[in-house]
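Novice: structure for this input, please:
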Amino acid sequence: MQSSNTNDQRNLLTDFNRDGYIAINPLLASEEMAALNLEIERFIRDVVPEMPLAKVYYENKSDKSSLKQIQQMFEFDPYFEDLMLNGPARKIAEKVLQDEVVPINMQYFNKPAGIGKATPPHQDGFYFHLTPCEAVTGWLALEDVDEENGCIHYIRGSHKSDGFRNHGQTGVLGFSQGMTDFGTPSDVAETVAFPGSAGTFLMHHAKTIHWAGANQSQTRSRRALGFIYYAKSAKLDEVSKEAYQSKLDSRLAHAAKI
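Specialist: Below is the predicted model:
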């Protein structure tokens, strides 16, 4: 595994500014991961059935075992609210952004065995509608991840570009917009893959290009927890953001995806 930082948080800011991402392996010890996974099982069992339909995505809407994504977990449960507001992800976000942060979203991600689709190449900031685009996404592996079941890939240094690359509709639930011009020689040369064990933590800048492959394993899922924080100094275009989300929800509902 090519890691910008392993078991050493002293150089997080330097690594983040240079590469557009950091990796800590592990962020949480095995016993902490076991406890976290039990809490996620509880959340899926007890909380998800009461959540708004637009907050929960399935690969197959009629098959509850195909759970793909959960949005805004910290708004529906005190355990995950505490993890989002007071956990290590927030502290790391503040360190790399060099600013106070605003907690925005905690997401559960899954690529179910054999059917988990690829995550298209994209830049998170394209969805965020921020000026300046100063935000991060954290990603915590809940189980071992590798190329077979869909590990994350980054393009090193891609956060340094002005603006965003061209994006268009993908048809992929949960990742509605993806890059339309991906695959340049520079993209290929600067690609870094991040397989890792349960407890591995990644964090990337909102302009960093990233993607993940489909889950080609017939026996293993690929579950993770995501954390989105905006820098306090970043200003959100509320009108643009709401229009985008409303249009997206309407399109997904029309397609019977949510």
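
Novice: model confidence for Lys91, exactly?
Specialist: Listed pLDDT for Lys91 reads 97.

Novice: check which helix or strand covers it.
Specialist: helix 88-97 (DSSP states H and E).

Novice: buried stuff in that helix?
Specialist: The neighbour-count check on helix 88-97 (16 or more other C-beta atoms under 10 Å) flags Pro88, Ala89, Arg90, Ile92, Ala93, Glu94, Lys95, Val96, Leu97 as buried. The way it works is simple: take the backbone N, C-alpha and C, and place the C-beta from them, glycine included.

Novice: chain center to that helix, what's the gap?
Specialist: Here helix 88-97 is found 15 Å from its chain centre; the criterion is C-alpha atoms, centre = their mean, to the nearest Å.

Novice: kindly report the same for stretch 113-128.
Specialist: Mean C-alpha position of stretch 113-128 versus that of the full chain (C-alpha atoms, centre = their mean) differs by 8 Å.

Novice: and for stretch 194-211?
Specialist: Centroid displacement of stretch 194-211 relative to its chain, using C-alpha atoms, centre = their mean, is 8 Å.

Novice: so what pairs up with the residue sitting nearest the centre point of the chain in the strands?
Specialist: The centroid of the chain falls nearest to Gly226 when counting by C-alpha atoms, centre = their mean (4.5 Å). Counting by DSSP bridges, Gly226 is bridged to Gln107, Trp139.

Novice: and what of the one 10 residues further on?
Specialist: Beta-bridge pairing for Leu236 (DSSP bridges): Leu130.

Novice: which parts of the stretch 151-258 of the chain are helices?
Specialist: With helices called from DSSP state H, counting those that start in this stretch, the stretch 151-258 of the chain shows them at 185-189, 238-254.

Novice: rank those helices by pLDDT, which is bottom?
Specialist: helix 238-254 (a mean of 61).

Novice: burial check on Gly168, number of neighbours?
Specialist: By the criterion of other C-beta atoms under 10 Å, Gly168 has 11 neighbours.

Novice: kindly apply the preceding question to Gly163 instead.
Specialist: 9.

Novice: show me the contacts for Glu59.
Specialist: Contact analysis of Glu59 by C-beta atoms under 8 Å, 6 or more residues apart in numbering lists Ser66, Leu67, Lys68, Pro112, Ile115, Gly116, Lys117, Leu173.

Novice: widest-spaced pair of the residues you listed?
Specialist: Leu67 and Lys117 (13.4 Å; C-beta to C-beta).

Novice: for Gln169, list each beta-bridge partner.
Specialist: For Gln169, the beta-bridge partners under DSSP bridges are Gln177.

Novice: re earlier: which elements pack onto the helix holding Lys91?
Specialist: helix 12-19, strand 21-24, strand 101-110, strand 135-141, strand 201-205, strand 223-231 (3 or more C-beta pairs under 8 Å, 6 or more residues apart in numbering; DSSP states H and E).

Novice: of all these, which one is nearest Asn166?
Specialist: Minimum separation from Asn166 across the helices and strands packed on helix 88-97 (C-beta to C-beta) falls at strand 201-205, 18.8 Å.

Novice: what's the angle between that closest one and helix 88-97?
Specialist: 40 degrees (axes from the mean of the first three to the mean of the last three C-alpha atoms, to 10 degrees).

Novice: okay, buried residues for strand 201-205 please.
Specialist: For strand 201-205, a neighbour-count test (16+ other C-beta under 10 Å) marks Phe201, Leu202, Met203, His204, His205 as buried.
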